[in-house]
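**Q** For reference, the sequence and a predicted model appear below.
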Number of protein chains: 2
Amino acid sequence: MPDLRPGLQHLYLRDEDLRLGIELLFYAYRDFTAEPDRMLEEIGFGRAHHRAIYFVGRYPGINVGELLAILRITKQSLSRVLGELVRKGYILQRQGTSDRRQRRLELTEQGAALERKLSENQRRRIAAAYRAAGPAAVEGFRRVMLGLIDERDRRKVAAEPAKTPPLAAKQRA
Amino acid sequence: MPDLRPGLQHLYLRDEDLRLGIELLFYAYRDFTAEPDRMLEEIGFGRAHHRAIYFVGRYPGINVGELLAILRITKQSLSRVLGELVRKGYILQRQGTSDRRQRRLELTEQGAALERKLSENQRRRIAAAYRAAGPAAVEGFRRVMLGLIDERDRRKVAAEPAKTPPLAAKQRA
DNA sequence: GCATATATGTCAACAACACTGACATATTCG
DNA sequence: CGAATATGTCAGTGTTGTTGACATATATGC
């Protein structure tokens, strides 16, 4: 576990340093999403479908409210995408046991296959960037990226998947 | 200038490491764009306007084709946004001197003011993340982010603004 | 147990932003 | 001069987001 305490260094930041940061985010995100977008288009889906499939795969049994909190979109927007994914057999909904109002979501085998296919290029891209940059750079990347995320979500993102059973603590907006 | 040669380390990458990378990009981008989006909404603009204003400010005198190559959208999409920005006095177009078919774009004073206002939050967010993570982490962040960007754009992104007068070398797709 | 709150879903209308395809104009280049 | 290039425009379409209103099932508090 790395030391995550804030550095509080007197880092001198020029305007160009900040601009570069802005641009790195723009270009990296642009290129990171391009290939999955192309694959999605072929099967009549969009980026929103990818997001839903990804996070349902990441948190099997996640309920709708939790997914909405991650995506930060309205339930109407999610509903369209989710309904399509359910109808076409990529996701299935089961009534919650402790709270039967909830719909717990999980991927079907077909859904898991699509998720793997879509993320494959992204994983390859990340693996290549990590390998080229080296372990120390990866650690720095993580620290900065976590710092860019809204404080209230940092813990959740940083937590290991195994340590995050069914999104135990739900944080409200 | 840091050593940017590929490390070729035998970095052991677990599935969770790659998943975390994917998620860091999703969450960071989500939160990085949220506030500018809110401000844009108030004046009837969207994220596409921000991008156009940003890159015209970044490369004063950029022409339409170069801007299209950065944004990776169609000219019809850009045209709508750009036309609005011109009509409302944020951007002005001047005929190119060496090639008079070109429209060289630049921000008006109003445009520059909007750009500063929109980017202010993003700069603050980046500065805070950089300061909290420390200089070594920032260097690692840059290396990994550059590695995520399509190879053909890495040089351009990494170049200092001052060293990049009017997008000297145009790289075609 | 009843009233209220919560989790979810649905219908309808709308806006932003991307796309394709077709066509037009001005300018440059061989 | 003819072809290629830079740009612009018109028209139609699809995805993804929004707001607002309303419905149902279930849980929770008094």
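**A** Alright, I've got the coordinates.
**Q** so which helix or strand takes in residue A:105?
**A** Assigned by DSSP states H and E, residue A:105 belongs to strand A:103-107.
**Q** near DNA strand C, anything from that strand?
**A** Yes: counting by Cβ under 7 Å from any atom of the strand, DNA strand C is contacted by strand A:103-107 at residue A:103. Just so you know, the C-beta spots here come from the backbone N, C-alpha and C atoms, and that holds for glycine as well.
**Q** what's residue A:22 in contact with, if anything?
**A** B:54, B:119, B:122, B:123, B:126 (Cβ atoms under 8 Å, 6 or more residues apart in numbering or on different chains).
**Q** Can I take it that the third one is in a helix?
**A** Yes: secondary structure of residue B:122, determined by DSSP: H, G, I helix; E, B strand; the rest coil: located in a helix.
**Q** Got the phi and psi for the spatially closest residue to it that is not a sequence neighbour?
**A** Leaving aside its sequence neighbours, residue B:122 sits nearest to residue A:22 (Cβ to Cβ, 6 or more residues apart in numbering or on different chains; 5.5 Å). The phi/psi pair for residue A:22 (degrees, to the nearest 10) reads phi -60, psi -50.
**Q** Residue A:89 too?
**A** Per degrees, to the nearest 10, the backbone of residue A:89 is at phi 80, psi 20.
**Q** Neighbours of it, how many?
**A** 11 (other Cβ atoms under 10 Å in any protein chain shown).
**Q** any idea how far it lies from residue B:65?
**A** Shown here: residue A:89 relative to residue B:65, a distance of 44 Å by Cβ to Cβ, to the nearest Å.
**Q** Equivalent analysis for residue A:59, please.
**A** Counting by Cβ to Cβ - residue A:59 and residue B:65 are separated by 43 Å.
**Q** These two: which is more packed in?
**A** Taking other Cβ under 10 Å, residue A:59 and residue B:65 do not tie; residue A:59 has more neighbours (20 against 14).
**Q** Residue A:145 and residue B:25, how far apart?
**A** For residue A:145, the distance to residue B:25 - Cβ to Cβ - is 7 Å.
**Q** more crowded one of those two?
**A** Set residue A:145 next to residue B:25 and count neighbours by other Cβ under 10 Å: residue A:145 wins out with 27 against 20.
**Q** surely the more buried one meets residue B:28?
**A** Yes: counting by Cβ atoms under 8 Å, residue A:145 does reach residue B:28; the two are 5.0 Å apart.
**Q** For the nearest residue to residue A:102 once chain neighbours are set aside, give me its contacts.
**A** Nearest non-adjacent residue to residue A:102, counting by Cβ to Cβ, 6+ apart: residue A:96, 3.4 Å away. Taking Cβ under 8 Å, 6+ apart, we find residue A:96 in contact with A:63, A:102, A:103, A:104.
**Q** ok, now with 10 Å
**A** By Cβ atoms under 10 Å, 6 or more residues apart in numbering or on different chains, the residues touching residue A:96 are A:61, A:63, A:102, A:103, A:104, A:166.
**Q** got it, and residue A:68?
**A** Residue A:68 sits in contact with A:74, A:75, A:77, A:78, A:79, A:173, where contact means Cβ under 10 Å, 6+ apart.
**Q** Those in helices, which ones?
**A** Under the assignment DSSP state H, these contribute A:75, A:77, A:78, A:79 to helices.
**Q** ok now do the second one, which residues does it touch?
**A** Counting by Cβ under 10 Å, 6+ apart, residue A:77 touches A:48, A:68, A:71.
**Q** and with 7 Å instead?
**A** Listed by Cβ atoms under 7 Å, 6 or more residues apart in numbering or on different chains, residue A:77 has no contact partners.
**Q** Now residue A:105. Nearest residue, chain neighbours left out?
**A** That would be residue A:56: by Cβ to Cβ, 6+ apart, it lies 4.8 Å from residue A:105.
**Q** Hmm, that neighbour is touching residue A:107, no?
**A** Yes: Residue A:56 lies in contact with residue A:107 (Cβ atoms under 7 Å); the separation is 5.6 Å.
**Q** Now the common contact residues for those two.
**A** Taking Cβ under 7 Å, 6+ apart as the contact rule, residue A:56 and residue A:107 both touch residue A:91.
**Q** neighbour count winner among those two?
**A** residue A:56 (24 against 21).
**Q** Over to that one. Which of the three states is it?
**A** In three-state terms, and counting by three-state DSSP, residue A:56 is helix.
**Q** helix or strand for residue A:92, which one?
**A** Here residue A:92, judged by DSSP H and E, is contained in strand A:91-95.
**Q** residue of chain A with the smallest distance to DNA strand C?
**A** residue A:65 (2.8 Å; Cβ to the nearest atom of the strand).
**Q** Taking strand A:91-95 as reference, get the angle to the helix or strand that contains that residue.
**A** Per DSSP H and E, residue A:65 falls inside helix A:64-71. Counting by axes from the mean of the first three to the mean of the last three Cα atoms, to 10 degrees, helix A:64-71 lies at 130 degrees to strand A:91-95.
**Q** List the buried residues for helix A:64-71?
**A** Judged by neighbour count using 16 or more other Cβ atoms under 10 Å in any protein chain shown, the buried positions of helix A:64-71 are A:64, A:66, A:67, A:68, A:69, A:70, A:71.
**Q** At the contact with DNA strand C, which residues of chain A appear?
**A** Residues of chain A lying near DNA strand C by Cβ under 7 Å from any atom of the strand: A:63-66, A:68, A:75-76, A:79, A:82-83, A:93, A:96, A:99, A:101-103.
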